[in-house]
Each structure stands twice: as C-alpha cells, then as structure tokens.
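1. Pasted the sequence and its predicted model underneath.
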Amino acid sequence: MPREARKKSKTKIYHIMWRGANGQEIFHDDEDRLAFLDTIMKYKKRMGLKVFAWCLMSNHVHLLIKEGDESISTTMKRIGVCFVSHYNWKYRTRGHLFQDRFRSENVETDQYLRTVVRYIHQNPVKAKMVDEVQQWKWSSCNGYYGVKVYPQKLLDPDFILGLFSKDRTQAMELFKEFNERRNDDQCLDDHHYVRRLSDEEVRTEIKRVLGRMEIAHVKTLSRIHRTAILREIKKVEGVSQKQVARILGISVNLVYKA
C-alpha cells in the first residue's frame, strides 16, 4: 500500500522525531552530534527554516521546526541523506541509519507549541540521563536561558519567548518556570524513555545473552557467530554500542556493523 501523505500544518510548524533503525545509536560521540547540528544549520540557511527546539539523544532526535521554502518532507529527506552519508563515510558502513521515514505531528496552537518545546527539553530528564533540563548539552534549552548553544544562530527563540511576554527579561523568567515544571506531557504518542545502563548492568546483560560462554571468548568467535551474539546484545534497551565494544574488548566498528 502507498504511504499516506503527511497532513500539512496550518502554521507550517512540525514536531519531528527520528529514531535509529532497530533502536540503534545515531550518535556515537560528540563529533557525530556536532555534525548533525551542522547539517540542520546548513539546510536552515538554504531553505529558510525556523528552528524552535531540538534534543539529541543517543538513538533518537526531536526537532521543532517551521518549514521554509519547500515542504518539510523534502527538507528532512535532504538532512537525512546528508547526515547518513557523513555517518557511513566516517564508520565505513552501509545501510539504513534511521528507522523508516521520520515521524511528525502538526503544531497548530500556541498552547501546544509551548508544550512541545517543554516536552523536547525534558526528554533527557524523563529518560533519567540528567536531573535538570539545562544539564543536557545536546538540546536547545540553554539557548532559551541566555547561554550560547552550538551552532550559533541555529535556534530561533524570539517567537516562543514572545508567547510568554513582550518584555524579554520577564519572558525568559516565565519560560524557565514553565520549561522546568513537572508534567505528564505526551507528544507524538511517544511514551518510550530508555535509561542508559551502567557498565556493570551492561556486563550483566551480556552475560545473560552469552549463557555459559565467557566474555573473553567472544573476540575469538567466527564472524557469523559473533555477529549473531552482537545483534542479540544490541537489542537490550539502554546499552550503548561503545559500552559493548569496551566490555567485549572488540572494535567499535564490529559492533556498529553487526
């Protein structure tokens, strides 16, 4: 069956989420995150986008964007192709990085616009990655708090702040209180928060997958046998591929490609 066409937002504003294929990591290090933000910036300049919020987690991304000179679907395809090309070149790999096409929802009221910004910024808190929203380096939150975020001029905060007050100082204060308020916001029907496991917890999960096999033996296995085991380990929620490589004593690329 053909895919259903995306419903156009009356405001041209969309909440967008990308997940890694099969739950895999999209970003393995800070360089990957910077490259993704640079890609967004590249197409913001080219297509006249407005970027109201973002949050980069290990295996998914949230964006709040107002489309520019072309449809949001076309722009997101450009961004995806550009970043995946960089990823595949860097890690010498092929295949899908993102899970199917991106998910999106229309944001058509001021009230829901504020809610989505808060939802995006609170993603790392609800995933128990940090205790406070401003502690997560890879979101737009600190840009609203008057702190510079990378890359410069990617964030367009004025419209959102203007929903709180015409006075800039008061708007920032009111925004901060709203942004940090405890809530049960549910956006994009995405209620799935994954807590990152500690190395000790990952080691326990690896032993469970291996059964009687010792961790040290994994690196000596045939490629086919090792790949099958790595794929099972990668299914465990909250496990990073760098952790797996470190604990098993194998190349990170072997884990990426499994």
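-> Now that the structure is in, tell me what you want to look at. Computed from a predicted structure; not experimentally measured.

2. secondary structure class for the residue lying farthest from the centre of the chain?
-> Relative to the mean C-alpha coordinate of the chain, counting by Cα atoms, centre = their mean, the farthest residue is residue 212 (35.8 Å). For residue 212, the secondary-structure state derived from DSSP: H, G, I helix; E, B strand; the rest coil is coil.

3. For it, give me the backbone phi and psi.
-> phi -80, psi -10 (degrees, to the nearest 10).

4. For it, give its distance to residue 204.
-> Distance check for residue 212 against residue 204: by Cβ to Cβ, to the nearest Å, it reads 15 Å. Quick note: C-beta positions are derived from backbone N, CA and C, even for glycine.

5. same question, residue 75
-> Residue 75 sits 43 Å away from residue 204, taking Cβ to Cβ as the criterion.

6. Please identify which of those two sits among more neighbours.
-> More neighbours sit around residue 75 than around the other of residue 75 and residue 204, counting by other Cβ atoms under 10 Å; the figures are 22 against 11.

7. which of the residues in whichever strand or helix holds that one are buried?
-> In this structure, residue 75 sits in helix 72-91 according to DSSP states H and E. Going by neighbour count (16 or more other Cβ atoms under 10 Å), the buried part of helix 72-91 is 72, 75, 76, 78, 79, 80, 82, 83, 84, 86, 87.

8. same check, this time on stretch 204-214
-> Neighbour count says stretch 204-214 has 205, 206, 209, 210 buried, by 16+ other Cβ under 10 Å.

9. what do you get for stretch 161-173?
-> Taking 16+ other Cβ under 10 Å as the basis for neighbour counts, the residues of stretch 161-173 that come out buried are 161, 164, 171, 172.

10. Quick one: the strands in the chain, in order.
-> Using DSSP state E, the strands of the chain run over 13-19, 50-56, 60-66, 103-106.

11. would you turn those into JSON lines with mean pLDDT, distance to residue 95 and mean neighbour count?
-> Written out in JSON lines, the entries for the strands of the chain read as follows (pLDDT from 0 to 100; distance: least, Cβ to Cβ, whole Å; neighbours: other Cβ atoms under 10 Å):
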{"stretch": "strand 13-19", "mean pLDDT": "95", "distance to residue 95": "15", "mean neighbour count": "22"}
{"stretch": "strand 50-56", "mean pLDDT": "98", "distance to residue 95": "21", "mean neighbour count": "22"}
{"stretch": "strand 60-66", "mean pLDDT": "96", "distance to residue 95": "18", "mean neighbour count": "24"}
{"stretch": "strand 103-106", "mean pLDDT": "94", "distance to residue 95": "20", "mean neighbour count": "18"}
